[in-house]
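**Student:** return a 3D structure for these sequence lines:
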Amino acid sequence: MLAFDWIALFITFLGTMFLIGELLVNMKGIFAIIGFGFITVYFSSYLATDMFIVMMLVYFLGIILMVIDGKLINDGTLATIGAAIMVIAVGFSAPNWVAGLYSVIGVILGGAASLLFLKVFKHRKMWTKITLRDQLSSEMGYNSMKESYQFLIDKRGKALTDMRPVGTIKIEEEDYSAVSNGQWISKDDDIKVVSVDGTRILVKKI
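**Tutor:** So this is what the prediction gives:
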C-alpha cells in the first residue's frame, strides 16, 4: 500500500508517459522497461497476486490496442479504446476513490506528456498516418490547384457567361470556372480575380 494517495498520481504518470513514449519514439525498449517498472509498483502496491496479474493484463491490453492501431488501422479508434482501458484498469485497482482519481489523472497527464518525446527523439513510422507529419508540399512532388491558380490573382479578364454567381471567365485566352463575390455579372463584363482558394476563383466586376 502506498503511504499517500497522491503518490499514485506520480507513479501512473511516469509509468504511462514512458510506456506510451516507447510507442511514439524509438528508444529501443528503454522507456518500456522504465514504464513497466512504475506500473508494476502501482498495481503491486494495491492488489493481491491474482488481481495484480489480471489488472496488469487489462492495462497492457490497452497498450496492445494502441500498437495495433498504429501498425494496422491508423484511424485512432483502437488507440482511444486502449487509452480508456488503461484508465479503467488503474481506476478500479485503487483502494479508494481518492487514490483512483489520482491514478486516472496520472494516466491522462502521462499520455499527454509522452507527446513531448516527439520533439526530442526519433519518431516511430507507424504513427505517420494518424499524425500526418509529412506536409504535402511542392518540394515533395505535390502541387495543389491553389498553387497553380495563384498567378491569376489581380488578373483582369472577361465574363464568357452570366455569373449568378457561378460562371465562366476568360483570362489571357484561357477559360476558367469562377464565382462572383455577390455581384451579378453579365456576359462580356470586365472582371478581376480577387482571390484563389483551391479550385475556387473569386472575381469581381470592374
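
**Student:** how about stretch 100-116: buried residues?
**Tutor:** 100-111, 113-114 (16 or more other CB atoms under 10 Å). (C-beta placed from N, C-alpha, C; glycine too.)

**Student:** tabulate these (JSON lines), appending distance to residue 60 and secondary structure.
**Tutor:** Formatted as JSON lines, those follow (distance: CB to CB, whole Å; DSSP: H, G, I helix; E, B strand; the rest coil):
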{"residue": "100", "distance to residue 60": "19", "secondary structure": "helix"}
{"residue": "101", "distance to residue 60": "22", "secondary structure": "helix"}
{"residue": "102", "distance to residue 60": "21", "secondary structure": "helix"}
{"residue": "103", "distance to residue 60": "16", "secondary structure": "helix"}
{"residue": "104", "distance to residue 60": "17", "secondary structure": "helix"}
{"residue": "105", "distance to residue 60": "20", "secondary structure": "helix"}
{"residue": "106", "distance to residue 60": "17", "secondary structure": "helix"}
{"residue": "107", "distance to residue 60": "13", "secondary structure": "helix"}
{"residue": "108", "distance to residue 60": "18", "secondary structure": "helix"}
{"residue": "109", "distance to residue 60": "20", "secondary structure": "helix"}
{"residue": "110", "distance to residue 60": "15", "secondary structure": "helix"}
{"residue": "111", "distance to residue 60": "15", "secondary structure": "helix"}
{"residue": "113", "distance to residue 60": "19", "secondary structure": "helix"}
{"residue": "114", "distance to residue 60": "16", "secondary structure": "helix"}
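
**Student:** name the helix or strand of this protein that has the lowest mean pLDDT.
**Tutor:** Lowest on mean pLDDT, DSSP states H and E among the helices and strands of the chain sits helix 128-131, with a mean of 50.

**Student:** next, the buried residues of the helix ranked longest in the chain.
**Tutor:** Determined from DSSP state H, the single longest helix within the chain is helix 49-68. Residues of helix 49-68 classed as buried by neighbour count (16+ other CB under 10 Å): 52, 55, 56, 58, 59, 60, 62, 63, 65, 66.

**Student:** chain neighbours aside, what residue packs nearest to the fourth one?
**Tutor:** If I follow you right, that is residue 58. Leaving out its chain neighbours, the residue that sits closest to residue 58 by CB to CB, 6 or more residues apart in numbering is residue 89, at 4.3 Å.
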